[in-house]
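In: Provide a 3D model corresponding to the input given below.
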Amino acid sequence: MTDAARGRGWTAAAAATISQWALTTGGLERLELGHRVNNPASGAVARRAGFVKEGTEREKFLVGGQRIDVDTYGRLRSDPLPSFDPVPMIDG
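Out: As a prediction, the model looks like this:
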């Protein structure tokens, strides 16, 4: 997301929309999402999109020669639907 577009909820709405599609129409039972712990905005997006934090994977990513911890989230088909305005999807 660009700086100019941040803070409008678009990323969370997009993540919630595609997740809901994947867990219903797409037939998946579980989704996982991970982000670097030094990026708390990504954690906020995950939670708004209905993902539940499941833990931290230590030193999972190698970025610029440094090991970075990753917070891991999951969303199950049986989880409550988050409150969001769906992003229109194009079939095709």
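
In: quick one: residue 48 and residue 8 touch, right?
Out: No: with contacts counted by C-beta atoms under 8 Å, residue 48 stays clear of residue 8, the gap being 11.9 Å. For every residue, glycine as well, the C-beta is placed using N, CA and C.

In: Those two: which is more packed in?
Out: residue 48 (17 against 10; other C-beta atoms under 10 Å).

In: and residue 81, what does it touch?
Out: Residues in contact with residue 81 (C-beta atoms under 8 Å, 6 or more residues apart in numbering) are 20, 50.

In: Model confidence for it, exactly?
Out: The model reports residue 81 with a pLDDT of 88.

In: Check residue 85 too.
Out: Reading off the confidence values, residue 85 has pLDDT 73.

In: Next, the residues that contact stretch 56-66 from outside, please.
Out: Residues contacting stretch 56-66 (C-beta under 8 Å, 6+ apart): 34, 36, 37, 67, 68, 69, 70, 71, 72.

In: try 7 Å this time
Out: Contact partners of stretch 56-66, identified using C-beta atoms under 7 Å, 6 or more residues apart in numbering, comprise 36, 37, 67, 68, 69, 70, 71, 72.

In: ok, now stretch 20-34?
Out: Counting by C-beta under 7 Å, 6+ apart, stretch 20-34 makes contact with 19, 46, 51, 70-77, 81, 89, all of which sit outside it.

In: Off-centre distance for it?
Out: Offset of stretch 20-34 from its chain centre (C-alpha atoms, centre = their mean, to the nearest Å): 11 Å.

In: which parts of it are buried?
Out: By 16 or more other C-beta atoms under 10 Å, the buried positions in stretch 20-34 come out as 20, 22, 23, 31, 33, 34.

In: As JSON lines, the residues you listed with distance to residue 42 would be great.
Out: Compiled in JSON lines, the buried residues of stretch 20-34 are given as follows (distance: C-beta to C-beta, whole Å):
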{"residue": "20", "distance to residue 42": "19"}
{"residue": "22", "distance to residue 42": "19"}
{"residue": "23", "distance to residue 42": "20"}
{"residue": "31", "distance to residue 42": "15"}
{"residue": "33", "distance to residue 42": "8"}
{"residue": "34", "distance to residue 42": "9"}
